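Colleague: attaching a predicted model along with its sequence, questions to come.
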Protein chains: 4
Amino acid sequence: MDIRPSERASDYQKRLEIFMDEFVYPAEAVSEEQMKASGDLFHHPAVVEDLKTEARRQGLWNLFLPESDLGAGLTNVEYAPLAEIMGRSAHLAPEATNCNAPDTGNIEVLARFGTPEQKEKWLRPLLDGEIASAFAMTEPAVASSDATNIELSMARDGDEYVLNGRKWWASNAMHPMCKILIVMGKTDPTGPKHRQQSMMLVPIDTPGVTLVRSLPTFGYMDREGHAEILFENTRVPATNIISGEGDGFLISQARLGPGRIHHCMRSIGMAERALDLMIDRAQSRTTFGQPLALRSNIQDWIAESRIDLEMARLLTMKAAWLMDTVGNKGARVEIAAIKVAAPSIAARIIDRAIQVFGAAGMSNDTPLAEMYVHQRHLRIADGPDEVHKRTIAAAELRRRNPDFALTPR
Amino acid sequence: MDIRPSERASDYQKRLEIFMDEFVYPAEAVSEEQMKASGDLFHHPAVVEDLKTEARRQGLWNLFLPESDLGAGLTNVEYAPLAEIMGRSAHLAPEATNCNAPDTGNIEVLARFGTPEQKEKWLRPLLDGEIASAFAMTEPAVASSDATNIELSMARDGDEYVLNGRKWWASNAMHPMCKILIVMGKTDPTGPKHRQQSMMLVPIDTPGVTLVRSLPTFGYMDREGHAEILFENTRVPATNIISGEGDGFLISQARLGPGRIHHCMRSIGMAERALDLMIDRAQSRTTFGQPLALRSNIQDWIAESRIDLEMARLLTMKAAWLMDTVGNKGARVEIAAIKVAAPSIAARIIDRAIQVFGAAGMSNDTPLAEMYVHQRHLRIADGPDEVHKRTIAAAELRRRNPDFALTPR
Amino acid sequence: MDIRPSERASDYQKRLEIFMDEFVYPAEAVSEEQMKASGDLFHHPAVVEDLKTEARRQGLWNLFLPESDLGAGLTNVEYAPLAEIMGRSAHLAPEATNCNAPDTGNIEVLARFGTPEQKEKWLRPLLDGEIASAFAMTEPAVASSDATNIELSMARDGDEYVLNGRKWWASNAMHPMCKILIVMGKTDPTGPKHRQQSMMLVPIDTPGVTLVRSLPTFGYMDREGHAEILFENTRVPATNIISGEGDGFLISQARLGPGRIHHCMRSIGMAERALDLMIDRAQSRTTFGQPLALRSNIQDWIAESRIDLEMARLLTMKAAWLMDTVGNKGARVEIAAIKVAAPSIAARIIDRAIQVFGAAGMSNDTPLAEMYVHQRHLRIADGPDEVHKRTIAAAELRRRNPDFALTPR
Amino acid sequence: MDIRPSERASDYQKRLEIFMDEFVYPAEAVSEEQMKASGDLFHHPAVVEDLKTEARRQGLWNLFLPESDLGAGLTNVEYAPLAEIMGRSAHLAPEATNCNAPDTGNIEVLARFGTPEQKEKWLRPLLDGEIASAFAMTEPAVASSDATNIELSMARDGDEYVLNGRKWWASNAMHPMCKILIVMGKTDPTGPKHRQQSMMLVPIDTPGVTLVRSLPTFGYMDREGHAEILFENTRVPATNIISGEGDGFLISQARLGPGRIHHCMRSIGMAERALDLMIDRAQSRTTFGQPLALRSNIQDWIAESRIDLEMARLLTMKAAWLMDTVGNKGARVEIAAIKVAAPSIAARIIDRAIQVFGAAGMSNDTPLAEMYVHQRHLRIADGPDEVHKRTIAAAELRRRNPDFALTPR
């Protein structure tokens, strides 16, 4: 057993940390000012482009793509601590390094399943950070955690598909640079349950695509947006289909694994930042005659945070290691496990930090309030906890009884 | 033992529920539109004034003031279920009935401790809903949960007091109708620990009063505002002191008891609304072949919510009953107890409701997201949980050992 | 609203507390010694009979039977605080006052459904404390929480019923004074689901009744025993049936309500005793230079215990009050609610007390270890939490949708 | 990163699993029968000696001793999964393989600090499984989690030390083969706080040593015993001191690290067995028309158990890896972390398994009840959770502020 980072990983970590200190953290205030000055909720602050230029110059670019010559070629294990570091400043660092969701997932889909034409047109500019993209899967009318519920219609009409339906929570769609949507829908509503779905490339300026609104998350309106999108007789060339008719469900499964674990890595980074803030505050704040840090309930919170955080990190690393060694599918249960564990653990730690800060913790004077909401959000995004637990339980039940089936037949 | 509501209370409940159905719930959308149309985060929507007129016409006005001929003359026990009903639409109902914090607390302070002149000038218009008020106690620089930490200086200078210091989280101060601040500060920084503080009436337009900004709670910027206020050489007549020099700590203790329990009552109303929403959603939403309502984990959530909610309501009622029968001071431990219990229980219920709603629960399409944040906020507002637990623990330790002292001497 | 005890209830409480102080607590050590001296795990210590004589002399006898002239004639609300007081010494006080389970439940069944002959033969001596009884419902082979699963066969054969089957967890059956079993079984295995069951009086010395063994609860072998009983061609006269064929399910539902709430009342008493022990220990024990009572984590535990205990007591009282005013059936949801809440809350409090005691808390030097195990036991006895939650959830779902059915049809 | 077991470790795992299947599990019933037949609570069943002979023959002996030629020479990382496997049958497997506490810890102490004479006399027979030993540290009169509280007096008198004091929870002291006690006491009560203590070898048959009684743990009287021991003018040769005067505190710290992690490893094994039992029962038991395994609340329990168990195992492994690579002292925080996490996680999993088993789960028909109590016990044994959290918190606070001190000076 050896859990030390590889030399390459250590080097990237050191360089990324320097980049964070020198460029990212100082840009936080700049970005906020540029947002405020613009008067536009969905403004793209210029400082982000500066960060991108600098990150690319330093070779801190497209770090997330394992087993590929399109990015840095790091393994998931090597990338995990980098994503964690990025998570400490999650509004800037992932985008600065071209490692932000959902572009990462969309890049993976195109790299794996795209035709040469699709790659040239959409993958290349995505890898270069020239455009942004969104992924339109969730629908307001059905429980989309069960992907077979999805209803958006993709009807073949000659050389085109005609799309009709409504999506929401398409993150990044309000980004001024967002040019392309990957849309999941049904090409064959009467086919076998997991072969009805297809994935389609839909340029965002296609007639019949309407960005209805952006949805706030617990009061926060993220600048990249979580869009509700209406598709009304939206026509795209038949060549815009990804892989083929009926491959949608499969691609969606493949797509979400890495995305989920990236979220977890960043969650751990956020929790570490929260823990640091909590500890510092506890040492500087005095009530009833002594600093909070000397109170044993606060000490318990700090200790429990460290314990949980350490366990969450190790499970994330194990899932990453399995992805590297036995593949995303072989790591399915571990990915589900950490997808459940990490946001809850991070939320609990941030919650304690808020309590130590008192009133200040609820405002936007610290990053805690927004981080708290973000972790709550992750218990639903990319599948609610309950769906992932169901996956894990099924695997466990089958471990003891290979004939077990979730639904009685 | 009899826990049925009095006839008078039943009558008020019925009338209030009709008022909610006929006027308040329909006004929710109107209010949102008027806010949006104004383009002003701190706009006072006209519909609120309409509601106030109607509520007053119906005798649903100033319901909160026990043992007094200034309001409806209800007991705390009678008021509790009314506050609960108001809590179901907490942005409108309390203000519509002139029962909103912090005006309620300020009214109590003036009614109990005000001079005839102070009453004429500030209490009367507050009771008539003509003006609003704020309470400025918390300070950014010190842990204000320990009220003796408070630092704002109130120096006597001839016939005036000169105020210098910084407050924040002064709720209601951004309200366009807010005319008066009740400010806590120190008139005698070297006096005995609990006699250093005084309360002062400070008209909001006094020179030297600067509303620096309003603080968001998580992502929400409440229209009434939580203001940071700077006092720089702010001069008020010496007659603006409430009760007398050194009475500040005492008044603050008296003031916060009823305010805390009102919050709890409303929390229970919010939780009931969340539970209704959760149940309805569970019956209408289907995953993996069956409605959520048939899943036993969702059933457990519903049951646990009902159990906890019932217990929280009973403890609230007991605290109210003690306030009525042995006074606010005699109910001190029970008020602390429910102040800790109710927000946590409500938050847990709302959290489950959000999970049942999935992505929809995090947006503003339901009231859940904002209610969730509000309950989290209440674990800090009016004293963090830890301070109230300390109060309870001290009482318990003294119950078994009258000589017990929290701080070793 | 008025939650003060009635004068009669106050009087009983005072008298019972004096009886506890003068007779019960001092008998705890005596009883243990008599048990040890006997060398018999199921010995009936003589001191218990002394306590019974004294209690009866003082009019502290059969306090549990509401709406009846057979006992003290107290309401459930009046009885609740008495059961709580008894719970502080649960091995002795309930039996001393002839208020111990399962005799109480069996007495209720006979009082309500017994024929005059059955009453004369079994009810009278039970009321007089001359004999003890057991209730045989749970079976090892099926999940008995779903009472329709029960399989013991009761076949009519002329003037007799012939019983075949196996029961376990029949509490009290090892008691040397136990003379009669009330047994639940199936007289009509093909009838409508809830009419297949009947209740039968089976004298314990009937041929074909074998007490196989007594089951320990965790490491404790209670002296009254939790028996596994084998019925092999056990014949009883047909007149031993209670009420009539097919009434078994109904009677079992009626029987369990009061029994459940009595458990909850006693749980609260145990938790109060644990809290007292915890507080006293915290004041007398020093670590790292200060008494535990000054540590804020211990203070939090004390406060949280008080909060939870207060809520559990109020919910118990409300359920009792509903039983008195709208009947056991009308109180069904509240009984289920407190059956879930009380043991968990009590266990949590006892668990904290154990932690404050350290190693001493796990031994039998304090009553904590056994109380802890007893509360864990109650999360299963008389129906596991999950079944009661299901009841509550169904009621809530029907509250919003009267057509809701737990099982899809 | 690589978390695969070494080839040597895999080999040991396979061989140990075969040994468990062929010898240990079948011996469980035999051992119980031999215990029952003996009529002696502290009987040493013959089957254990058979197991020891067989284990030694198979080279499954003294597996626990890292960096030493006295045992198998495995690292902590290699030993961890073996201890986990042993934990599945914790009454037999550790003793069978000569890996049971407290002998393991005592062996380490002697191996590291013993004189050649001490080694010859006590270490050799311990390594050969010819004798057993106990460790007497905890005292009833003081909070022994703060080791500086310990009071047993060790007064030098010529060539001897004279011991006076009372110990309890000396595990293994009732074992018929227990010959030697390692006793912690004070040789210099006025010296510097952490230099007052010494460790002494005291043969159990020394005059003045009285085994007062064995303490039960939640009703269970373990056959090896947890003894209360009285030392009255107990004289031992001065050469029986371990290392030297004042080294007691240091040795105790060194001793407890590995012991704690061995407990955690076994806890994980127990939790795995509980999870297997829970899953199997859920598939075979039906309520309300469907097997428990199809209920989503049971599925959630299974999933949460797997998630937590996986995290606990990884943290255990990390602590073991640190012990191997940076030493026990460098792994101090991680050992404290897993000492807190593992018993809580294991207890939660076992608790769920009990609930799935219903009444059967509380009896001794499954190993669950005893395992549950054992895990509760571990939250206190070798230091209560709160002391370990304090260690972790201090490290965290110092990480951000090297000047932080737990106690204000």
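Modeller: Alright, I've got the coordinates. Residues are numbered from 1 along each chain as shown, chains lettered A, B, ... in the order given.
Colleague: which ones are touching the closest residue to chain B within chain A?
Modeller: At 2.5 Å from chain B, A:Gly219 is the closest residue in chain A, using CB to the nearest CB. For every residue, glycine as well, the C-beta is placed using N, CA and C. A:Gly219 sits next to A:373, B:216-221, B:364, B:369-370, B:373 when contact means CB atoms under 8 Å, 6 or more residues apart in numbering or on different chains.
Colleague: now do it against B:Met371, distance only.
Modeller: Note on A:Gly219: its distance to B:Met371, by CB to CB, to the nearest Å, is 11 Å.
Colleague: phi first, then psi, for the residue lying closest to A:Leu63 once chain neighbours are set aside.
Modeller: Sequence neighbours aside, A:Ala72 is the residue nearest to A:Leu63 in space, at 4.7 Å (criterion: CB to CB, 6 or more residues apart in numbering or on different chains). Here is the backbone geometry of A:Ala72 (degrees, to the nearest 10): phi -70, psi -10.
Colleague: would you confirm that A:Ala72 contacts A:Leu65?
Modeller: Yes. Counting by CB atoms under 8 Å, A:Ala72 touches A:Leu65, with 7.4 Å between them.
Colleague: so what sits against both of those two?
Modeller: Counting by CB under 8 Å, 6+ apart, nothing touches both A:Ala72 and A:Leu65.
Colleague: now stretch A:290-303: buried residues?
Modeller: Using 16 or more other CB atoms under 10 Å in any protein chain shown as the burial criterion, the residues of stretch A:290-303 that qualify are A:291-303.
Colleague: and the residues you listed as TSV, adding pLDDT, distance to chain D and secondary structure?
Modeller: Shown next, in TSV, are the buried residues of stretch A:290-303 (pLDDT from 0 to 100; distance: CB to the nearest CB, whole Å; DSSP: H, G, I helix; E, B strand; the rest coil):
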residue	pLDDT	distance to chain D	secondary structure
A:Pro291	95	8	strand
A:Leu292	96	11	helix
A:Ala293	97	6	helix
A:Leu294	96	7	helix
A:Arg295	96	10	coil
A:Ser296	97	7	helix
A:Asn297	98	10	helix
A:Ile298	98	8	helix
A:Gln299	98	4	helix
A:Asp300	98	5	helix
A:Trp301	98	8	helix
A:Ile302	98	4	helix
A:Ala303	98	4	helix
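Colleague: leaving out chain neighbours, which residue sits closest to A:Asp159?
Modeller: Nearest non-adjacent residue to A:Asp159, counting by CB to CB, 6+ apart: A:Ala238, 5.2 Å away.
Colleague: since we're on the one you found, how many residues are nearby?
Modeller: Residues contacting A:Ala238 under the criterion other CB atoms under 10 Å in any protein chain shown number 13.
Colleague: who's in contact with it?
Modeller: A:156, A:159-161.
Colleague: the contacts of A:Gly219 in helices, which ones?
Modeller: Residues of these located in helices (DSSP state H): A:373, B:369-370, B:373.
Colleague: which of those residues lies closest to B:Cys264?
Modeller: Of all these, B:Val373 has the smallest distance to B:Cys264: 17.1 Å, by CB to CB.
Colleague: doesn't B:Pro216 make contact with that closest one?
Modeller: No. With contacts counted by CB under 8 Å, B:Val373 stays clear of B:Pro216, the gap being 9.9 Å.
Colleague: of those two, who's got more company?
Modeller: Using other CB under 10 Å, the more surrounded residue of B:Val373 and B:Pro216 is B:Val373, with 24 against 21.
Colleague: okay, that one: pLDDT?
Modeller: Looking at B:Val373, its pLDDT reads 97.
Colleague: distance of it from chain A?
Modeller: Relative to chain A, B:Val373 is positioned 6 Å away (CB to the nearest CB, to the nearest Å).
Colleague: the nearest residue to that residue once chain neighbours are set aside: how many residues sit nearby?
Modeller: Excluding the flanking residues, the one nearest B:Val373 by CB to CB, 6+ apart is B:Phe218, at 4.4 Å. Neighbourhood size, B:Phe218 [other CB under 10 Å]: 26.
Colleague: contacting residues for B:Phe218?
Modeller: Listed by CB under 8 Å, 6+ apart, the contact set of B:Phe218 reads A:218-220, A:362, A:369-370, A:372-373, B:373, B:376-377.
Colleague: just the buried residues of stretch A:290-303 that are near chain C?
Modeller: Among the buried residues of stretch A:290-303, the residues lying close to chain C (CB under 8 Å from any CB of the partner chain) are A:295-300.
Colleague: go ahead and confirm A:Ala346 touches A:Ile268.
Modeller: Yes. Counting by CB under 8 Å, A:Ala346 does reach A:Ile268; the two are 6.8 Å apart.
Colleague: give the contact list for the residue nearest to A:Leu63.
Modeller: Shown in contact with A:Ala72 (CB under 8 Å, 6+ apart): A:12, A:59, A:61-63, A:65.
Colleague: and the nearest residue to A:Cys264 once chain neighbours are set aside, what does it touch?
Modeller: Excluding the flanking residues, the one nearest A:Cys264 by CB to CB, 6+ apart is A:Ala342, at 3.8 Å. If a contact means CB under 8 Å, 6+ apart, then A:Ala342 has A:263-264, A:267-268, A:312, A:315-316, A:378 as its contacts.
Colleague: ok, now with 10 Å
Modeller: Listed by CB atoms under 10 Å, 6 or more residues apart in numbering or on different chains, the contact partners of A:Ala342 are A:260-261, A:263-268, A:270-271, A:308-309, A:311-313, A:315-316, A:319, A:375, A:378-379.
Colleague: distance check, the closest residue to A:Gly165 other than its chain neighbours against A:Val183.
Modeller: Distances taken as CB to CB, 6+ apart place A:Leu152 nearest to A:Gly165, at 2.9 Å, with adjacent residues excluded. Distance check for A:Leu152 against A:Val183: by CB to CB, it reads 7 Å.
Colleague: show me what from the stretch 301-409 of chain A comes close to chain B.
Modeller: Contacts of the stretch 301-409 of chain A with chain B, taken as CB under 10 Å from any CB of the partner chain, map to A:351, A:354-365, A:368-370, A:372-373, A:376-377, A:379-381, A:383-387, A:389-390, A:406-407.
Colleague: narrow those residues to those in strands?
Modeller: Among these, none falls in strands (DSSP state E).
Colleague: now list the buried members of the residues you listed.
Modeller: For these, a neighbour count by 16+ other CB under 10 Å gives the buried set as A:351, A:354-365, A:368-370, A:372-373, A:376-377, A:379-381, A:383-387, A:389-390, A:406.
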